[in-house]
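A.B. asks: sequence and predicted structure, then a few things I'm wondering about:
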Amino acid sequence: MSRKRLLQLFQMHEKYLDLSNWPIVNKLLLNQEDLKLYERRELAVSLYMEQKLTNKEIFKAAGINEKEITRLIKRCLMWDKDTNIIWGFRALIPQKRISNYQRKAQTSVGLNAVQDHSKKLPGAFSKLMDDFPAIKEKISKAHLRKIGSCKEPQFVRGKDIHNYFIELCKKEGIGERDYPLNTSDRGKRSLYRYFKTNEFNHFAAAASLYGSEALRNAKRVNSNNIESITPLLVRPYQRVQFDGHRIDAFFTITYKTPEGDWITDTIERIWLLVIIDVATRVIIGYHLSSYIGESAYKRNKWGCKECGDIVFLDNKKGMVDTVKGKAWYMTNRYFVER
């Protein structure tokens, strides 16, 4: 089977013809026996995808025939819902399960058989959910606390949801010799494990169960498109915000200049400038500022110590002669000379 035929079969993008786009494996974590088998599989798949050697030459180099190589490549091109990418070389790891177990054997106990409550039934809960989608839908809504019809009960505790689950099973005609009623815990542990899977599949809805902060972070994630995911902010200083708040008030401040003069100044429209840590919402720093400009050479607004009024610097007249020497010419707020 050609490479393009494989891509068409799995409806994959052409970029996956390039093996550099495949997820890789940390070989240091494999034991010697699994490492040898993995390296043979990796060599066979790589040579097959490069299409530089014949099938006989690949079999001579890696010891794997064409039928087995095709099976391995199909595993590699399968989509991993957890990472939102193909399995790649990870599918070549020995004993690696890339799909969920699907039970085919029956989960009921015959009339003449001795009922053993301690017997394990792997995959029975998944089979039950597939056979009875109505139960699956109602249990999922009960766990996520989605409000539907007013007649539908609302639960908070897992114990109550399990009792509701047993009632639904009985309404569907499931008897005492059928799963889950033929087990010691009546499917309680399997139901709790399903809660975890349900939370993963409905991430944003399940986040509301853990508070408003978790819900706000969950809304930033779009599980359908991994490229649009905004990294969750989980630690301090990961991201900060700068914000400004205007205070509609007037203040006066009196201070002494280096020359010994007491100056009364008016501060208008104070701005509170803060730096906020996004993850913890803690204020890292703040600064108070007004609209009055500062200069290394002069101020544009002063308080007159003779009359107590606010005076402004007249830039047009600049420096004038006084009995004490050169000084900046000042006027009051109505621009009347003083």
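C.D. replies: On my side now, so go ahead. Numbering: from 1, shown residues only.
A.B. asks: the closest residue to Tyr194 other than its chain neighbours: how many residues sit nearby?
C.D. replies: Nearest residue to Tyr194 in three dimensions, chain neighbours excluded: Phe125, at 6.5 Å (Cβ to Cβ, 6 or more residues apart in numbering). Any C-beta I mention is one placed from the backbone N, CA and C, and that applies to glycine too. A count of neighbours around Phe125, defined by other Cβ atoms under 10 Å, yields 20.
A.B. asks: contacting residues around Phe125?
C.D. replies: For Phe125, the contact set (Cβ atoms under 8 Å, 6 or more residues apart in numbering) comprises Tyr179, Pro180, Gly187, Ser190, Leu191, Arg193, Tyr194.
A.B. asks: now do Ala214
C.D. replies: Residues counted as contacts of Ala214 (Cβ under 8 Å, 6+ apart) are Ala207, Ser208.
A.B. asks: just checking, it is part of a helix?
C.D. replies: Yes. In this structure, Ala214 lies within a helix as judged by DSSP: H, G, I helix; E, B strand; the rest coil.
A.B. asks: picking that back up, whichever of the contacts of Phe125 end up buried, select them in ChimeraX.
C.D. replies: Applying 16 or more other Cβ atoms under 10 Å to those leaves a buried subset, and the ChimeraX line that selects it is:
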select :179,180,187,190,191,194
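A.B. asks: make a markdown table from the contacts of Phe125 and add distance to Gln106 to it.
C.D. replies: Conversion of those to a markdown table gives the following (distance: Cβ to Cβ, whole Å):
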| residue | distance to Gln106 |
| --- | --- |
| Tyr179 | 9 |
| Pro180 | 14 |
| Gly187 | 16 |
| Ser190 | 17 |
| Leu191 | 20 |
| Arg193 | 21 |
| Tyr194 | 21 |
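A.B. asks: determine which two of the contacts of Phe125 are furthest apart.
C.D. replies: Using Cβ to Cβ, those span at most 14.7 Å, a distance reached by Tyr179 and Arg193.
A.B. asks: confidence score at the residue nearest to Tyr194?
C.D. replies: The score at Phe125 is 85. That number is its pLDDT.
A.B. asks: before we move on, what about the one 4 residues further on?
C.D. replies: Among the per-residue scores, Met129 shows a pLDDT of 85.
A.B. asks: in terms of helices and strands, where is it?
C.D. replies: Using DSSP states H and E, Met129 maps to helix 124-131.
A.B. asks: and that helix, what's buried?
C.D. replies: Ala124, Phe125, Ser126, Lys127, Leu128, Met129.
A.B. asks: and the residues you listed, which is closest to Gly158?
C.D. replies: Nearest to Gly158 among these, with distances taken as Cβ to Cβ, is Phe125, at 14.8 Å.
A.B. asks: ok, Glu57 - contacts?
C.D. replies: Glu57 is in contact with Leu47, counting by Cβ under 8 Å, 6+ apart.
A.B. asks: what about it, which helix or strand?
C.D. replies: For Glu57, the element it lies in under DSSP H and E is helix 55-62.
A.B. asks: with Ala44 instead?
C.D. replies: Using DSSP H and E, Ala44 falls within helix 32-50.
A.B. asks: which residues touch that helix?
C.D. replies: 3, 17, 19, 25, 27, 30, 53, 55, 57-58, 61-64, 68-69, 72-73, 76, 89, 92-95.
A.B. asks: out of the residues you listed, which end up buried?
C.D. replies: By neighbour count, with 16+ other Cβ under 10 Å, these hold 3, 25, 30, 58, 62, 64, 69, 72-73, 76, 89, 92-93 as buried.
A.B. asks: which parts of this protein are strands?
C.D. replies: For the chain, applying DSSP state E gives strands covering 79-80, 85-86, 240-256, 262-277, 283-289, 301-303, 310-313, 319-322, 325-328, 330-332.
A.B. asks: mean pLDDT lowest where, among those strands?
C.D. replies: Lowest mean pLDDT of the strands of the chain: strand 301-303, a mean of 60.
A.B. asks: for Lys141, the count of nearby residues, please.
C.D. replies: Number of residues near Lys141 (other Cβ under 10 Å) recorded here: 17.
A.B. asks: could you do Ala327 as well?
C.D. replies: By the criterion of other Cβ under 10 Å, Ala327 has 11 neighbours.
A.B. asks: hang on, the earlier thing: can you show me the CA trace of the helix holding Ala44 as PDB?
C.D. replies: Only the C-alpha atoms of helix 32-50 are listed here, as PDB (Å, rounded to 0.1, in the frame of the first residue of the first chain):
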ATOM      1  CA  GLN A  32      16.400  -4.000  26.500                       C
ATOM      2  CA  GLU A  33      14.000  -6.600  25.100                       C
ATOM      3  CA  ASP A  34      11.300  -3.900  24.200                       C
ATOM      4  CA  LEU A  35      14.000  -1.600  22.900                       C
ATOM      5  CA  LYS A  36      15.300  -4.200  20.400                       C
ATOM      6  CA  LEU A  37      11.800  -4.900  19.100                       C
ATOM      7  CA  TYR A  38      11.000  -1.200  18.900                       C
ATOM      8  CA  GLU A  39      14.100  -0.300  16.900                       C
ATOM      9  CA  ARG A  40      13.300  -3.100  14.400                       C
ATOM     10  CA  ARG A  41       9.800  -1.700  14.000                       C
ATOM     11  CA  GLU A  42      11.000   1.900  13.700                       C
ATOM     12  CA  LEU A  43      13.600   0.900  11.100                       C
ATOM     13  CA  ALA A  44      11.000  -1.000   9.000                       C
ATOM     14  CA  VAL A  45       8.400   1.700   9.100                       C
ATOM     15  CA  SER A  46      11.000   4.400   8.300                       C
ATOM     16  CA  LEU A  47      12.400   2.500   5.300                       C
ATOM     17  CA  TYR A  48       8.900   1.800   4.100                       C
ATOM     18  CA  MET A  49       7.700   5.400   4.300                       C
ATOM     19  CA  GLU A  50      10.900   6.600   2.500                       C
END
